[in-house]
Structures are given as structure tokens and as C-alpha cells.
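> Sharing a sequence plus its predicted fold:
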Amino acid sequence: MTERDTLPDPRPAGAPNPPTRAARIEHGETVRRRIPFDALAEHAPDRDRDPVGLLESQAATRVPDLVPIRYGRMAESPFAFYRGAALVMADDFSHAPVTGLHTQLCGDAHLSNFGLFATPERKLAFDVNDFDETYPGPFEWDVKRLVASLAVAGRVNGFRGKQRKRIARACVAEYRETMSYQADRDELAVWYSTSTPPPYRTSSARSWTPRPANASGRRSTNPVVATACRRCPNSPPWWTGSRGS
């Protein structure tokens, strides 16, 4: 292949050309006129909604022995309930105005479903780490769930109303600015983009004390447990080790 040769078009025959940036902007402005910001803030759930019934419908396909444990953990705090009630929130969203701008959603984009990953370049990247409820849907559903999770977590942790409002606005602003920045980049640049966390300091390894799971079955948050315990004893239904454990 010479410099003048052109690469073959990888798209299937008859596939439409992707919309230009100008066309996408125009479409977004059309949607904005039809569904203004104020409309997206509306919350008018169905009067006959049944949150418990929705959770029970999910429980029908879960391991029966684990369902009471799940409910017990959800009852610990408003944020714990929020984490486990993605279906309830999605049901509320389904009765509210939507932009119609669909993407592949995380489906459960609360703040605890984001974390750090090690890249092949030996760097840390910050991104979504939970995909078991991913599904196509309006992009704003993920944004709403993330921002609401910050508000709920802030309330549980004693943040004042003004603080929670400031945190929520900062989250939305960061999302808006990042999307605007990525929209000007090509596909490969977006694909390989990462969000690098700020420098952080870890505690001394000598201060770590391995702890087993407690009586409620909650896993230890201590990072040394995984390496200190070569074998973990079976403690069903919370933990079932591999053969020979």
C-alpha cells in the first residue's frame, strides 16, 4: 500500500454516515427546546407505585438465602437502601420527561460504583466499576442517579444542605465540561482517555490489622486480608470458599 492508497471503509455497505458535530449540536438544541432543564427536574412518580413490590420482583430471581441478607444491609442507612434500589429509581424515571438521547447506561451510577483501575501503562485510572445493570437508556438517568447519590450520602454523613447542594452542582458541572471537551476529540482519543486521580498517601503496612468478616457477614475493608489469608473458612451463605478450603 502506497501513501496515496486509501484504507477501505470498515462500515457495512449502506450504513449511514455518522452525524457531524454541527448536526449533533443542532439536534441537542432541538431536544433542549422540547425538554428544557426544568422539565428534567420534575419528579412525579406514579401514585400507585410499590417500591417493595419492585424489590420483591427482583428477589424472585435471586438466591433465596441471600435475599434477607441483602434487605438487612439495605436497612442500615438511607444510602445503603439507595444503593440497592436502582430498580425503584428507574421506575420513577420512567414516569418523568426524558431527552430521548440514548446511550449504553451504567444502570446504577451511584458514587460507590466508581473506583480505581490499574492500566497497562502502570497508571491509575478512575472510572465506573459496576456493569451488572447496564442497559440502553436516556443518558440523563445515569447523571441523575450519580448526583442524587452524592446528596443522599452527604445527608447520611451530616453535611449541611448548602454543602450538599454545592457538591451536587460541582458534579454536574464536571460532567458537562468533560462531555463538552470529549465532543471535540476523535473516537480513539475518547476511547483511550482516562481520569487520573490526584496523588494520595497510603497508611503504613504495619498499622494494618487483618480482620475476618464480622457477625453480620460484611466483608472486611482491610486490604491486607486478601494476601494474609491464604484460605478463608467457609461461612455460608456469606462466603463459600473454593474446593479444599
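Nice, I can see it.
> longest single helix anywhere in the protein?
Longest helix of the chain, by residue count under DSSP state H: helix 161-183.
> who does it touch, helix- and strand-wise?
Counting contacts by 3 or more Cβ pairs under 8 Å, 6 or more residues apart in numbering; DSSP states H and E, helix 161-183 is packed against helix 139-156. Backbone N, C-alpha and C define where each C-beta goes, glycine included.
> Summarise which helices and strands the helix it packs on is packed against.
Against helix 139-156 (3+ Cβ pairs under 8 Å, 6+ apart) you get helix 78-84, helix 86-93, strand 102-105, helix 161-183.
> Could you give me the buried positions within the longest one?
Put plainly, it is helix 161-183. The neighbour-count check on helix 161-183 (16 or more other Cβ atoms under 10 Å) flags 164, 168, 171 as buried.
> what's the residue lying closest to the last one once chain neighbours are set aside in contact with, if anything?
Closest residue in space to residue 171, ignoring its immediate chain neighbours: residue 147 at 5.3 Å, by Cβ to Cβ, 6 or more residues apart in numbering. For residue 147, the contacting residues are 168, 171, 172, taking Cβ atoms under 8 Å, 6 or more residues apart in numbering as the criterion.
> Hmm, the second one is touching residue 150, no?
Yes - with contact defined as Cβ atoms under 8 Å, residue 171 counts as touching residue 150 (5.7 Å).
> any idea how far the residue nearest to the spatial centre of the chain is from residue 141?
In the chain, the centroid-proximal residue (Cα atoms, centre = their mean) is residue 109; its distance is 2.3 Å. From residue 109 across to residue 141, the span is 8 Å (Cβ to Cβ, to the nearest Å).
> can you give me the helices for this protein?
Going by DSSP H, the chain shows helices at 21-34, 37-40, 51-59, 67-74, 78-84, 86-93, 139-156, 161-183, 187-191, 225-228.
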